[in-house]
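[1] can you look at this prediction? I've put the sequence above it.
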Amino acid sequence: MTLEENIMMHQGRRQFLQTSGTGLGLTALGSLLPQNLLAKTHREPKAKHVIFLFMAGAPSQIDLFDYKPDLEKQFRQPLPESISQGQRVTAMTRGKEQLVAPSMFKFHRSGSSGMWMSDLLPHLSKVSDDLCLIKSLSTDAINHDPAKTFVCTGSEIPGRPSMGAWLSYGLGAINKNLPDFVVLPSAYWTGGTRNVQGLYSRLWGSGPLPSKHQGVAFQTTGDPVLFLSNPKGVDREIRRKMLDAAGTLNRKHLGEIGDNEIATTIAQQEMAFRMQASVPELTDLSQEPKSVLDTYGPEVGKNGSFARNCLLARRMVERGVRFIQLFHRGWDHHTILPKQLPGQAFDVDQPAAALIQDLKKRGLLEETLIVFAGEFGRTVYGQGNLTRTDYGRDHHPRCFSGWIAGGGIQGGMSYGETDEFSYNVVKDPVPIRNLHATMLHQLGIDHERLTFPFQGLDQRLTGVETARVIREILA
């Protein structure tokens with residue numbers, strides 16, 4: 001009996017009916033098989049891939065994207081109660097006077113649309129006609145852990161499937177020799193090491209979905225993927241025989257107890273064997289022309305840099321990886337923001353712009369959705385020392401900025417508005433669940449129909465609250 005027949009026979013009738021009724025044409029069987037399967041989508045997809053540039057720590061929208069020139073007149077003035085409206089704040093600023101801290105950085109208009117951008121982002125300014133700048137993002141969480149978990153999984157509660165896991169489950173693989181979902185954390189950042197939170201694997205976990213769909217985190221030293229190389233004395237032929245023997249035993253075990261995670265183990269072991277050839281080729285940049293390397297900036301040659309990860313993301317898109325998530329930390333600027341923010345902007349500005357241009361030149365931007373966002377925004381009132389050139393900002397979930405490019409999204413537009421203090425959304429709000437719904441929509445998925453039964457509920461990325469596709473930004 002084949003692996004496929006074993007899984008079909010032992011999968012519970014109820015689970016089979018539930019999963020085959022999702023409308024995606026991908027049953028639990030299909031989600032487990034080590035094959036190159038593409039599911040039917042709910043609509044014609046505009047995009048095939050997602051590159052999510054996650055700015056962990058929360059960049060300051062006031063200093064980068066949300067231009068508020070009139071704040072200069074409000075320096076060290078109390079934030080009006082009509083603006084703060086008694087909204088919750090963190091324990092770090094609770095009970096303290098909220099004094100306005102205008103951005104010390106200059107802004108300029110860019111592109112044919114005249115989009116306002118900080119002078120800290122000269123390279124992104126040059127591709128602003130490809131960007132949809134969203135200035136009205138909001139979230140429910142006010143602290144880093146639940147806020148990151150919310151952006152990455154659609155829930156503040158740990159243990160839910162991540163964005164990439166949902167796409168792997170719902171759409172299947174494009175390239176059978178590489179994972180559907182790859183994670184690329186930066187090994188370092190320029191903006192200092194104060195207030196840097198750890199990254200946890202549950203941000204790219206699969207939750208109750210089969211573990212095959214979790215993200216594979218690439219390393220910056222040694223093997224790109226842990227334990228990818230054979231140990232000394234074991235060559236590829238010996239490894240093949242070992243896998244065949246283990247596979248025989250695992251198939252027997254699968255036939256006896258019908259545990260789908262055994263099928264996942266078989267599939268992942270075979271994937272790891274194929275990755276021993278595919279990953280070294282993927283991560284070898286020696287054939288990249290110097291002209292391409294130069295566009296990503298001076299850091300591209302350093303392992304673990306955001307620049308190098310952006311170039312790797314482009315190479316992954318070329319090879320059919322479905323979802324690539326970059327994590328760049330160091331944005332949690334409670335103090336000395338003017339000193340630290342320029343370094344962070346330096347890290348991401350040129351590489352992100354180069355990624356857009358590189359994909360565009362290769363005809364891949366149209367089918368690749370690039371998303372840039374943190375977990376929340378920063379307050380207009382200062383934290384720590386407050387002078388014209390020295391201040392920090394606290395967490396602010398009520399509004400923040402991010403951008404999207406490619407994948408059927410309109411470029412050269414700003415969407416959403418905040419009040420004169422960049423404190424509340426006053427036009428076209430975009431809760432995180434709406435961002436998720438829009439991402440899925442561009443990949444051909446109805447967010448209400450991509451579900452997985454767990455704990456008595458049909459789980460979905462956008463949760464149980466109302467979410468909508470942001471149709472105003474679609475090309």
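    Perfect, thanks for sending it. Numbers count the residues shown, from 1 in each chain.
[2] who's in contact with residue 177?
    Contacts of residue 177 were listed using CB atoms under 8 Å, 6 or more residues apart in numbering, and they are 271, 274, 275, 277, 278. Every C-beta, even on glycine, is put in place using the N, C-alpha and C of the backbone.
[3] is residue 54 bridged to anything, and to what?
    Residue 54 has these beta-bridge partners by DSSP bridges: residue 327, residue 373.
[4] please disregard the earlier target; I meant residue 404.
    residue 132, residue 371.
[5] before we move on, the earlier item: okay, the contacts of residue 177 in CSV with neighbour count and secondary structure next?
    As requested, these are arranged in CSV below (neighbours: other CB atoms under 10 Å; DSSP: H, G, I helix; E, B strand; the rest coil):
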residue, neighbour count, secondary structure
271, 19, helix
274, 14, helix
275, 19, helix
277, 11, helix
278, 16, helix
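[6] now, the most widely separated pair of the residues you listed?
    Greatest spacing in the contacts of residue 177, by CB to CB: 271 and 277 (11.5 Å).
[7] which element is the residue nearest to the spatial centre of the chain on?
    Against the mean C-alpha coordinate of the chain, by CA atoms, centre = their mean, the closest residue is residue 52 at 3.2 Å. Using DSSP states H and E, residue 52 sits in strand 49-55.
[8] any idea which helix or strand comes after that strand?
    Per DSSP H and E, the helix or strand that comes after strand 49-55 is helix 61-64.
[9] okay, buried residues for whatever helix or strand comes next after that following helix please.
    Following helix 61-64 in sequence order, the next helix or strand is helix 81-84 (DSSP H and E). By 16 or more other CB atoms under 10 Å, the buried positions in helix 81-84 come out as 83, 84.
[10] okay, helix 81-84 in PDB with CA atoms only?
    Provided in PDB are the C-alpha atoms of helix 81-84 (Å, rounded to 0.1, in the frame of the first residue of the first chain):
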ATOM      1  CA  GLU A  81      -7.300  65.000  26.500                       C
ATOM      2  CA  SER A  82      -9.600  65.300  23.500                       C
ATOM      3  CA  ILE A  83      -7.000  63.300  21.500                       C
ATOM      4  CA  SER A  84      -5.800  60.800  24.200                       C
END
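[11] mind listing residues that contact it?
    Contacts with helix 81-84, where a contact means CB under 8 Å, 6+ apart, come from 98, 419, 421, 423, 424.
[12] can you pick the most crowded of the residues you listed?
    In terms of neighbour count, residue 423 stands highest of these at 25 neighbours, by other CB atoms under 10 Å.
[13] how close does the residue nearest to that residue when sequence neighbours are not counted sit to residue 474?
    Distances taken as CB to CB, 6 or more residues apart in numbering put residue 83 closest to residue 423, at 5.2 Å, once the chain neighbours are dropped. Distance check for residue 83 against residue 474: by CB to CB, to the nearest Å, it reads 32 Å.
[14] and what of residue 342?
    34 Å.
[15] those two - which one has more neighbours?
    Neighbours were counted for residue 342 and for residue 474 using other CB under 10 Å; residue 342 has more, 18 against 15.
[16] the more buried one reaches residue 120, doesn't it?
    Yes. With contact defined as CB atoms under 8 Å, residue 342 counts as touching residue 120 (5.8 Å).
[17] quick one on the thing from earlier: okay, and which of the contacts of helix 81-84 map to helices?
    Taking DSSP state H, every one of these sits outside helices.
[18] save those residues as TSV, and put in distance to residue 260 and pLDDT too.
    Shown next, in TSV, are these (distance: CB to CB, whole Å; pLDDT from 0 to 100):
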residue	distance to residue 260	pLDDT
98	53	95
419	51	98
421	52	98
423	48	97
424	47	98
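[19] between the residues you listed, which is nearest residue 311?
    Nearest to residue 311 among the contacts of helix 81-84 is residue 423, at 37.4 Å by CB to CB.
[20] run through the residues that contact the closest one.
    Contact analysis of residue 423 by CB under 8 Å, 6+ apart lists 79, 83, 84, 379, 380, 396, 398, 399.
[21] wait, which of the contacts of helix 81-84 is closest to residue 72?
    Closest approach between the contacts of helix 81-84 and residue 72, by CB to CB: residue 421, at 12.5 Å.
[22] and the longest strand for this protein?
    Longest strand in the chain by number of residues, with DSSP state E as the criterion: strand 377-387.
[23] packing partners for it?
    In terms of contact count using 3 or more CB pairs under 8 Å, 6 or more residues apart in numbering; DSSP states H and E, strand 377-387 is assigned the packing partners helix 61-64, strand 390-396, strand 400-405.
[24] what is the orientation angle of it with strand 400-405?
    130 degrees (axes from the mean of the first three to the mean of the last three CA atoms, to 10 degrees).
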